[in-house]
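In: Provide a 3D model corresponding to the input given below.
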Amino acid sequence: MKQQNKKIQKSSKKKKSTKKILIPAFLALILTFSGLALKCFNDMNSKNPKYFNYFKGVECGYNQAETQDDKQWELLLVNKSHPLSKDYKPNLITLNGGEQIDERIFYPLKEMFEDAKKNQIYLCINSAYRSFKQQQQTMQDYIDDYISQGMDKQSAEQKALEYVAVAGTSEHQTGLCLDISADGDWDIKQQAYDWLYSNSYKYGFILRYPQNKSAITGIEYEPWHYRYVGSYSNDIFESGLCLEEYLKIN
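Out: Just a heads-up that it's a prediction; the model follows:
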């Protein structure tokens, strides 16, 4: 019996010592996984567009004061009836993330994004300048997408033309416009669209393709497409006219 009791005591001591080793090891394992999970979460957030700064560290040498009398470029009209000249070459500046814009809209765009952020609206750029080839590819991507949905080629091409301009007739080739949205689901995007519509004119931008204007612009309503028109933005916004209408009247 004594020997049996000793064996039980030894076994009990071993279990206790094993517990003493396992518990700290288990806690260390939990802490390790917690740290990894936190790192992953932080990494995901650091890549989230709402925390992305397109302008930080980007140097723009454009001096607005030097060309303040030259305003013709602000009203440049580009559509199916007014294609860009083959010689047109915008002076581009590259933002963080790789998107490019005409350097003349750098500071107004930066100010608009910063003010939006102050209002907890985190804007992101989906598309800015496109070269002739990039515009061709954008058109083809739309056509391919509609074909994958079951449309024949002719129907897909017609449908794509409702939303994408033929290369040479796209504002994106000027560097004066951007497709702007927000990170997140539809509600967050709608908040961004609402803010842009109500405030963009303060920075020289207008909603280029408004509702009920597609018969004039040739493009369906796009709540994300904003065009820089500079000093004319307030007049255009208050008039409720699209750019084509405004130019015709003025």
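In: For the residue nearest the centre of the chain, what is the enclosing helix or strand?
Out: Nearest to the mean C-alpha position of the chain, counting by C-alpha atoms, centre = their mean, stands Ile125 at 2.3 Å. Using DSSP states H and E, Ile125 sits in strand 123-127.
In: for that strand, which positions count as buried?
Out: Buried residues in strand 123-127, counted by 16 or more other C-beta atoms under 10 Å: 123-125, 127. Yep, even glycine has a C-beta here, placed from its N, CA and C like the rest.
In: how about the helices in the chain?
Out: With DSSP state H as the criterion, the chain has helices at 2-46, 106-118, 132-148, 153-160, 186-199, 214-217, 233-239, 243-249.
In: what domains does the record give for this structure?
Out: Using automatic domain parsing, the domain ranges for the chain come out as 1-47, 51-130+170-249.
In: mind giving me JSON lines with these and columns for mean pLDDT and distance to Glu162?
Out: Below are the domains of the chain laid out as JSON lines (pLDDT from 0 to 100; distance: least, C-beta to C-beta, whole Å):
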{"stretch": "domain 1-47", "mean pLDDT": "49", "distance to Glu162": "33"}
{"stretch": "domain 51-130+170-249", "mean pLDDT": "92", "distance to Glu162": "5"}
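In: Out of those, which gets nearest to Leu161?
Out: domain 51-130+170-249 (8.3 Å; C-beta to C-beta).
In: how far is the closest one from where the chain is centred?
Out: Mean-position distance between domain 51-130+170-249 and its chain equals 12 Å (C-alpha atoms, centre = their mean, to the nearest Å).
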